[in-house]
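Asker: Sequence unavailable; structure follows:
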């Protein structure tokens, strides 16, 4: 699979004339799993929406493989990037398998639709939910079905906003393994996460946002330092690194 | 789609020609249907004239108007992601009715300058659709740029109420002895005394609307995930909601121009059909068109067979047939099934 | 004997009535005044008469448009106030108590009542050429024998209403030698007739009720293409709107025209 490199240059974004992102410059590469972290309201979701082309930037620009995003048609963009928003409420009580199949819309009606849908459901351990109406799933079950919708297509760029929220620990781990494998297979994966140890364990790169600005970017070891975390989140904490796995202990408020 | 759903849809499809036959045999005069059919549509015998010039165009108009309303309702519910939406919600019907009323009752001045357009009869549906568009345009402007479904609904309710008031006012001052009664005609709809001319007027616009709506079916599908997800699936920008609104305005506007505002079909039919198509908003479009056509045709059969001093209003009948279905839906939802 | 009595009555009333200021509280009587009386004699008519729907004769400027209230007429001090059988009864009673000359003219829903109405008018208004002419014409038409070669007719009015037995319209059709198909089907007074019933009944003459040139859905039936045949072949007669609210003005004309229409239809056969 051909990977996709996404770069942001001096990206700025406004919502209702209030700046929510400013001067973000970063690069997302194939084979890389990137976590966007930061406190509530730091602009994580906004950055993801800009990357997915859902929101148009008010300053700077985004390039996909060197091509300016504004020159890519929405249909073309949909084939390049799959995006799962933070809260996605299905309007109708579709069958779970039908909801997953919606992820294939940018590709028309591929012949092996059924197979792809069940494969995607298997990736999130939800094949037994295929026939259930989505309004009768629990929060975690619905989230897994929605993730299957994200994974069912062929987009080289995957963007998910807090995919592990609402999941139990088993499914959190399973899901992070899935994203890891997607990245290893050559995809560019960007996740917004609140779970810092999970981010440290699975991700190659961390972007730390605070109040719409990029405070730090780099490997987990670079970013997750007590000083930076203390600055941004206002907590004292401790990291214990064991074989690349971070044990993160928040101690108290600063 | 399960096999029982497929069976139900097939039955609906079969019921339509049956209902058409029922509509052709029902009327105050009993005619020899076989003879009238064989005599052909140019025949001057009274049976043939009744069949070909009165009953057939009326039944086909019921099918056309019902289909437009059913499809418009399905599209409106899909676009607003709200099961309580109906095609009239964004002022489409009252805009069309107001334009039609202004033209019909005050348009004698226009008749002079637009003589040829008037004669060919294109002016009425064209203006009705223009009225529907202006109503939608006002809603769009009032709701503001990039408004969500909630703001659209609020703006629609406001514009709709205003247009209804204007409609009553226009009819009150209309130079017609029947002004008050005409308000009822427009608000409850009527298919009585309609012929091929009205059918042919509405047909191209309903077809245009159907094409517009049908081509936006994947947008409606994507929209069942929400606006952000739909945008990420390639349905970004104002093109898609506009084409839905245009489609509804064309189809429903034309239906209102020839038959008045017939309520309830656009609201209840998509509900009835949704379980049969696995809640898919795309397939819901054509199944709602089918069921809307069937429901309105059945309602009209009831109207035709009703004996009374005054014509029974078809809008009252659709509410009469539709409301019990709605009760049943609510009760079954209470028992834990999904709406 | 009866004639002599009438004649003397006429003379007496003529002498007794030198009315110069006449007011009316009834739409039909308004029209009769406006059509048949010199304008300077008319003091007031009802406001409805200003409407072009009802009025053919010109409306003189000095005529006051009343809304059927006693005080309006009080001010005008008319010599004679005409009132119908229904409507404005309270105002009429008040004016009568105040000593005004209030005369009730019966309404006309049949040919017999129509003659009574014309007689009552004659008695009240005194010598009046157009009124007498109209009455004589009607009487002359009514003594003519009903023609034997009959044709059928059906009335299609606004909102698919038809007129059955017991209506003035029915009487006029029958007198003109038409069989009213609605009455034959048992319609008394008013009934509903759908377009298909019109087509199936195949009347020789289709009678529409005219009056309104403006659009109304109520008139949609009369514009339906299935009736084109009737219009193209001249088998349509349109009753004047006045027949509905003041038959005295037009009944004789209608009867004459219908008789001629029947003749030409029978000849065409």
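Answerer: Right, received. Where do you want to start? The structure displayed is predicted, hence computed values, not measured ones. Numbers count the residues shown, from 1 in each chain, chains lettered A, B, ... in the order given.
Asker: which secondary structure element contains the residue nearest the centre of chain B?
Answerer: The centre of chain B sits closest to residue B:69, judged by Cα atoms, centre = their mean, with a distance of 2.6 Å. Remark: residue B:69 resides in helix B:56-80, with elements defined by DSSP states H and E.
Asker: Check which residues of the helix or strand just after that helix are buried.
Answerer: From helix B:56-80 onward toward the C-terminus, using DSSP H and E, the following helix or strand is helix B:92-106. Judged by neighbour count using 16 or more other Cβ atoms under 10 Å in any protein chain shown, the buried positions of helix B:92-106 are B:92-105. Every residue, glycine included, has its C-beta placed from N, CA and C.
Asker: possible to save these as a markdown table with pLDDT and distance to chain C?
Answerer: Formatted as a markdown table, the buried residues of helix B:92-106 follow (pLDDT from 0 to 100; distance: Cβ to the nearest Cβ, whole Å):
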| residue | pLDDT | distance to chain C |
| --- | --- | --- |
| B:92 | 87 | 20 |
| B:93 | 87 | 16 |
| B:94 | 89 | 17 |
| B:95 | 91 | 19 |
| B:96 | 87 | 15 |
| B:97 | 86 | 12 |
| B:98 | 89 | 15 |
| B:99 | 87 | 14 |
| B:100 | 80 | 10 |
| B:101 | 81 | 10 |
| B:102 | 83 | 11 |
| B:103 | 78 | 9 |
| B:104 | 73 | 4 |
| B:105 | 73 | 6 |
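Asker: closest to residue B:277 among the residues you listed?
Answerer: Out of the buried residues of helix B:92-106, the one with the shortest distance to residue B:277 is residue B:92. That distance is 23.7 Å, counting by Cβ to Cβ.
Asker: Report the contact partners of the closest one.
Answerer: Contacts were defined as Cβ atoms under 8 Å, 6 or more residues apart in numbering or on different chains; by that measure residue B:92 touches B:72, B:132, B:135, B:136, B:248, B:249, B:252, B:253, B:256.
Asker: and what of residue A:121?
Answerer: Counting by Cβ under 8 Å, 6+ apart, residue A:121 touches A:96, A:97, A:100, A:127, A:129, A:130, A:145, A:148.
Asker: Residue ranges in the stretch 101-250 of chain A under the pLDDT threshold?
Answerer: Counting by pLDDT under 70, the stretch 101-250 of chain A has low-confidence residues at A:244.
Asker: just the helices in the chain please.
Answerer: Looking at chain A here, since you left the chain open. Counting by DSSP state H, residue ranges of the helices within chain A are A:44-52, A:74-80, A:96-101, A:113-123, A:139-151, A:169-184, A:196-202, A:220-223, A:226-233.
Asker: looking at chain C here, not the other one
Answerer: Listed in chain order (using DSSP H), the helices of chain C are C:2-16, C:27-36, C:70-76, C:89-97, C:111-125, C:129-143, C:168-175, C:181-184, C:195-201, C:228-232, C:242-245, C:251-268.
Asker: Ok, which of these comes nearest residue B:171?
Answerer: With Cβ to Cβ as the criterion, residue B:171 lies closest to helix C:242-245 of the helices of chain C, at 21.7 Å.
Asker: what does that closest one contact?
Answerer: If you take Cβ under 8 Å, 6+ apart as the criterion, helix C:242-245 is touched by C:27-28, C:31, C:54, C:56, C:168-169, C:172, C:209, C:211, C:249-251, C:254.
Asker: quick one: average pLDDT of that helix?
Answerer: Here helix C:242-245 scores 82 as its mean pLDDT.
Asker: Repeat that for stretch A:42-58.
Answerer: Averaged across stretch A:42-58, pLDDT comes to 92.
Asker: Please apply the same query to stretch C:54-64.
Answerer: 79.
Asker: buried residues in that stretch?
Answerer: For stretch C:54-64, the buried set under the neighbour-count rule, 16+ other Cβ under 10 Å, comprises C:54, C:55, C:57, C:59, C:63.
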